[in-house]
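S.K.: turn this into a structure:
(chains A and B)
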Amino acid sequence: MALADQDMRAAIAATRFGLGAKPGEIAEARKDPQGFLKSQIRRAGADLPPGQAPSSAQRMAAFRDYQRERREVRLERTAATPPAGASGPAMADATPAKPEARDPVKLVGAMLREDISTDFTARTQLAATTDAAFRERWTLFWANHFTVSATKAITGTVVGPFEDEAIRPNVFGRFVDLLGAAESHPAMLTYLDQIQSIGPDSPAAMFQRRGGGRGLAGAGLQPAALRTVGLNENLAREIMELHTVGVGGGYTQADVTEFARAMTGLSIGGQRDAAFGVAVFREQAHEPGPRTIMGVRYDQRGKEQTNAILVDLAAKPQTARFICGKIARHFVADDPPPALVARLEAAWRDSQGDLARVAEALVSAPEAWAPAPQKFKTPYEFIVSSFRAAGGQPQSFQQFGPILTALGQKPFSAPSPKGWPEDAQSWAAPDAIVKRMQFAQAFSAAAVRDRDPKTLAAEALGERLTPETAKAIARAESRPEGFALLLMSPEFQRR
Amino acid sequence: MNAFTPSRPLSPTRRGLLATAAGFGLSLQLLGVPALAADAALNRKKLIVVICRGGMDGLSVAPPVGDGEYRSLRGALALNDAALPLDGTFALHPQLSSVHALAEAGEARIVPAVATPDRARSHFEAQDVLETGAAGVYSTSSGWLNRAVETLSAHRKVDALSIGATAPLILRGKVQTASWSPGRGLDTQARLPTLLQDLYRNDPLLGPALARGLATETMAKEATAGLQAAPAMIPKASAAGAPREQAGFVRAAAQQGREAAHNLGASLAGFMREPGGPTVAAISLDGFDSHANQAGLLATRLAYLDAVLDGVHQGLGPDWKDTVVVVATEFGRTARVNGTGGTDHGTASTALLLGGALKPGGIVGDWPTLKQSALYENRDVAPTLDMRGLFKGVLAEHMGVDRAALDRAVFPESVTVKPVPALV
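M.R.: Prediction:
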């Protein structure tokens, strides 16, 4: 493989490992491209987005309060509604409609959107401005690996806090700690339906079957669902399939069900509790007895059982292989060199899943520095790198939220627990390229003003800027047109 | 009406007659050129595949209300009186009213126990198998619908379109297909598209994609004329929370969702009616993974699906008679309700067939019943039909893909999977 020279390595450090170069970043990286990346690895974990975000527990409590208020208003309304038949257009006109801001139904929708956009804007501002963009990309990889998505309303308000509380502090620690933090977080427990999973032979289930009703409202988000109580195997399956050993990792349906039994009791504080939205362990909902998973018997009691299983899953070689393959696909190529994956696996194995060591192995691997870019940017990467190339940051959600949705990457709303896809085929559909072009046009008109797009292109791509693109930019009939050509150039679209 | 299809070769006599009549002698057969009249009929045929992601619960789509076990297995989730009756055994979900109207007109049928060959109960693996058409996961990286288009393209011009911001796997592959989602349209005055086409001329990914995208945008102006401003792709209203508390939110979202869904279906139809428009299309809807609070979640999603299908039906107008729509999901769900008012990953589910080209009839495939002994692994609806056989049946008879291509290229290693006969 052709080795890249120092200028090319500097450009690769900022664009492939980082989030796209800000003006001055490639020059900074040029002194020691590998060292530039290694210095961003730190035990303390990732940076936090700007601004003080509420905790997930506060967010969940706020959501509950809004729901309550809404229920009360609805009851009032029902009481005040004239009998059927008496209503009609004339009646509706006679009663002035409540202003939208007071409508509790719309209020909840607005609150959800506002929380999501506040958190996502802060996160995007961090990505657009950080000097440690490799650290942030590494973090975004893990946030996507442990996806929690706003596709479920109540989880929408806690995706940001989940990342801040469970992911960011742990991205350069031991994998098992990151795994434990992610799986026991209220956002994950809610997203993957763990909070109401109840052991069929637990004291709680027996109480329920004897006709005890409300005692268990527990997490209580869905009283109607409590007519039947029992297992929900969603989280157990996704931990094995997506978070640890992977789908070919050697587990069976029976292992999934056993794991789901072991995890019963992991929940969050109930609607009426002060601890609402905080992870709790409900001993009385836990399925008693030993469990056997992938051939190993677990005799532990209570939540220690889940911990022991997670520790074993984290330590499996299948887990190292599955996740190291994902890291290589994310950073280097949709179809990465096997030698690179092997190197990452060795680092994982030798350090027992120390993610700082795996990150070091990644930036030290010669395979990761091949000059030809093989990764096509996801919509989020494209938007963030556009802001970085312009040396700016988003001031409002409107500047980037709607275009991400149009490009198929709606903020905090990955379509499934598998997270966002990483491959070019997923993101380079004809319609998406047209929409990227439309964004580039609008963004450039607002972003460049009196700056020279030739300079901006050199700062953004360094040695990666091709003569064809440089020529096209030089011939542009306006500065915005030149900058739009930069953003849409084959080399800027890739990394 | 049985149009000539390569999968059902004409008798040597008839072949000879056609060849002689055309004045080409033997060469017609050797070149494999289809007969002209039949070709014209085939050119009008349209195929739409709707993928419902997340594992759509077949027992909710077409509840077997006449099955003795249904009510006890489904408990509070059983849809008895509200369901829209089809026959002595099956009904349709109350939200599928447009589908029901089509069924009554003989233009919709259910396939109540169909599954891909995958049994891992993993969404992602099962979706891959559903869309690649492979016998197992990771063996093929392109979609079967793309390969079907590739096969057909040897004989006639066939264009394919996916609706949505990202291209679904089912349409990915060698043939460059179009994709479209609602947006703000092109600025025809801008120089950028032309400059970029020049900059992309050696780019194998961006070059074809941009050219195709620009052509589709141009067509979209005509295709979506008359529809109200297309909204962005619809948010999934799979809101967690008690059904009663969420009802208002869901209802408001659902109403918006239904209108947008209808528009989306009508836009798709608009493309297919354009001269030179696509004859094959795929659209994917997600949010069907109903582990908890299934009743409310599915009501919203199925209403959305119904509105898309109604939009397609209305939008296609006279072309509906040449159309088949297949609605499929990666797997069904457990026959029993789980502990949280939902169902977990299962095996067989229900597919829907719709379209004016469809031959009227009862259910497609057998119903295994819900008796405990009949359940797959004492848990799921047992599959009685391989999903590939269903797709093959449609491709063979409706689109004219020949059997050899179906068995090898379109669905690799599937010689033993027979096409379902007599669907059209």
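
S.K.: and residue A:23, how close does it get to residue B:260?
M.R.: Taking CB to CB, to the nearest Å as the measure, residue A:23 falls 41 Å from residue B:260. No exception for glycine: its C-beta is placed from N, CA and C like everyone else's.

S.K.: could you do residue A:356 as well?
M.R.: 46 Å.

S.K.: ok, those two, which is more surrounded?
M.R.: More crowded of residue A:356 and residue B:260, by other CB atoms under 10 Å in any protein chain shown: residue B:260, with 22 against 19.

S.K.: that one: what secondary structure?
M.R.: helix (DSSP: H, G, I helix; E, B strand; the rest coil).

S.K.: now it: how far from residue B:214?
M.R.: On the measure of CB to CB, residue B:260 and residue B:214 end up 25 Å apart.

S.K.: one more: residue A:466?
M.R.: Residue A:466 is 23 Å from residue B:214, by CB to CB.

S.K.: so these two - more neighbours on which side?
M.R.: residue B:214 (19 against 13).

S.K.: thought that one was touching residue A:434?
M.R.: Yes - Residue B:214 is in contact with residue A:434 according to CB atoms under 8 Å; the separation is 6.4 Å.

S.K.: what is in contact with those two at once?
M.R.: residue B:186 (CB atoms under 8 Å, 6 or more residues apart in numbering or on different chains).

S.K.: show me the domain layout of the chain.
M.R.: Went with chain A since none was named. Using automatic domain parsing, the domain parsing of chain A gives A:56-84+A:102-188, A:379-493.

S.K.: let's do chain B instead
M.R.: Using automatic domain parsing, chain B is parsed into the domains B:41-179+B:230-410, B:183-223.

S.K.: what about residue A:209, neighbour count?
M.R.: 10.

S.K.: now it: how far from residue B:72?
M.R.: 16 Å.

S.K.: and for residue B:139, the neighbour number?
M.R.: With other CB under 10 Å as criterion, residue B:139 counts 12.

S.K.: which ones are touching the closest residue to it other than its chain neighbours?
M.R.: Among residues not flanking residue B:139 along the chain, residue B:412 sits closest, at 7.0 Å (CB to CB, 6 or more residues apart in numbering or on different chains). Applying CB under 8 Å, 6+ apart to residue B:412 gives the contacts B:133, B:134, B:135, B:139, B:140.

S.K.: now the phi/psi pair for the first one, please.
M.R.: When read as degrees, to the nearest 10, the backbone of residue B:133 gives phi 70, psi 20.

S.K.: what's the answer for the second one, then?
M.R.: Summarising the backbone geometry of residue B:134 under the convention degrees, to the nearest 10, its torsions are phi -80, psi 160.

S.K.: please tell me the pLDDT value assigned to it.
M.R.: We have a pLDDT of 92 for residue B:134.

S.K.: ok now do it, which residues does it touch?
M.R.: B:128, B:140, B:411, B:412, B:413.

S.K.: how far away is residue B:216 from residue A:396?
M.R.: 31 Å.

S.K.: between the two, which has more neighbouring residues?
M.R.: residue B:216 (22 against 9).

S.K.: surely that one is within a strand?
M.R.: No - remark: residue B:216 does not belong to a strand; assigned using three-state DSSP, it is helix.

S.K.: check contacts around it.
M.R.: A:430, A:431, A:434, B:161, B:178, B:179, B:180, B:271.

S.K.: okay, and which of those map to helices?
M.R.: Residues of the contacts of residue B:216 located in helices (DSSP state H): A:430, A:431, A:434, B:271.

S.K.: closest one to residue B:197 out of those, please.
M.R.: residue A:434 (11.7 Å; CB to CB).

S.K.: that closest one contacts residue B:220, correct?
M.R.: No - using CB under 8 Å, residue A:434 is not in contact with residue B:220, being 10.0 Å away.

S.K.: SS state for residue B:142?
M.R.: Per three-state DSSP, residue B:142 ends up coil.

S.K.: distance of it relative to chain A?
M.R.: Per CB to the nearest CB, to the nearest Å, residue B:142 is found 9 Å from chain A.

S.K.: wait, that residue touches residue B:174, no?
M.R.: Yes - with contact defined as CB under 8 Å, residue B:142 reaches residue B:174; the gap is 6.5 Å.

S.K.: neighbour count for the two, which is higher?
M.R.: It is residue B:142, of residue B:142 and residue B:174, that has more neighbours when counted by other CB under 10 Å, with 20 against 10.

S.K.: so what's that one scoring on pLDDT?
M.R.: At residue B:142, the model reports a pLDDT of 92.

S.K.: name the nearest residue to it, sequence neighbours excluded.
M.R.: residue B:173 is the one closest to residue B:142 (CB to CB, 6+ apart), at 3.1 Å.

S.K.: ok, residue A:376 - contacts?
M.R.: Residue A:376 is in contact with A:423, A:424, A:427, A:428, A:493, A:494, B:205, counting by CB under 8 Å, 6+ apart.

S.K.: which residues touch residue A:200?
M.R.: A:229, A:230, A:231, A:261, A:287, B:339 are the contacts of residue A:200 under CB under 8 Å, 6+ apart.

S.K.: extract the CA atoms of stretch B:55-66 and return them as PDB.
M.R.: Coordinates of each C-alpha in stretch B:55-66 appear next as PDB, following Å, rounded to 0.1, in the frame of the first residue of the first chain:
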ATOM      1  CA  GLY B  55     -41.500  -7.400  12.400                       C
ATOM      2  CA  MET B  56     -45.200  -6.700  11.600                       C
ATOM      3  CA  ASP B  57     -47.600  -8.800  13.600                       C
ATOM      4  CA  GLY B  58     -49.500 -11.000  11.100                       C
ATOM      5  CA  LEU B  59     -52.100 -11.900  13.700                       C
ATOM      6  CA  SER B  60     -53.000  -8.200  13.900                       C
ATOM      7  CA  VAL B  61     -52.900  -7.500  10.100                       C
ATOM      8  CA  ALA B  62     -55.200 -10.300   9.300                       C
ATOM      9  CA  PRO B  63     -56.500 -11.700  12.600                       C
ATOM     10  CA  PRO B  64     -57.700 -15.300  12.300                       C
ATOM     11  CA  VAL B  65     -60.900 -14.600  14.300                       C
ATOM     12  CA  GLY B  66     -62.400 -17.900  13.400                       C
END
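
S.K.: element containing residue A:348?
M.R.: helix A:338-350 (DSSP states H and E).

S.K.: just the helices in the stretch 1-150 of chain A please.
M.R.: A:6-12, A:25-30, A:33-38, A:56-80, A:89-94, A:104-129, A:133-145 (DSSP state H, counting those that start in this stretch).

S.K.: pLDDT averaged over the third one - what is it?
M.R.: I take that to be helix A:33-38. 98.

S.K.: just the strands in chain B please.
M.R.: B:46-52, B:84-85, B:91-92, B:108-115, B:160-163, B:178-180, B:280-285, B:323-329, B:349-354, B:385-386 (DSSP state E).

S.K.: relative to strand B:349-354, how tilted is the longest one?
M.R.: Using axes from the mean of the first three to the mean of the last three CA atoms, to 10 degrees, the inter-axis angle of strand B:108-115 relative to strand B:349-354 is 150 degrees.

S.K.: distance from the chain centre to strand B:108-115, please.
M.R.: 12 Å (CA atoms, centre = their mean, to the nearest Å).

S.K.: that strand pairs with which strands?
M.R.: strand B:349-354 (antiparallel), strand B:385-386 (parallel) (DSSP bridges).

S.K.: buried deepest among the ones you listed, which one?
M.R.: strand B:349-354 (a mean of 28; mean count of other CB atoms under 10 Å in any protein chain shown).

S.K.: alpha carbons of it, as CSV, please.
M.R.: Coordinates of each C-alpha in strand B:349-354 appear next as CSV, following Å, rounded to 0.1, in the frame of the first residue of the first chain:
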residue,chain,number,x,y,z
SER,B,349,-46.3,-13.3,9.4
THR,B,350,-48.9,-12.1,7.0
ALA,B,351,-48.1,-10.6,3.6
LEU,B,352,-50.6,-8.7,1.5
LEU,B,353,-51.1,-8.9,-2.2
LEU,B,354,-53.0,-6.1,-3.9
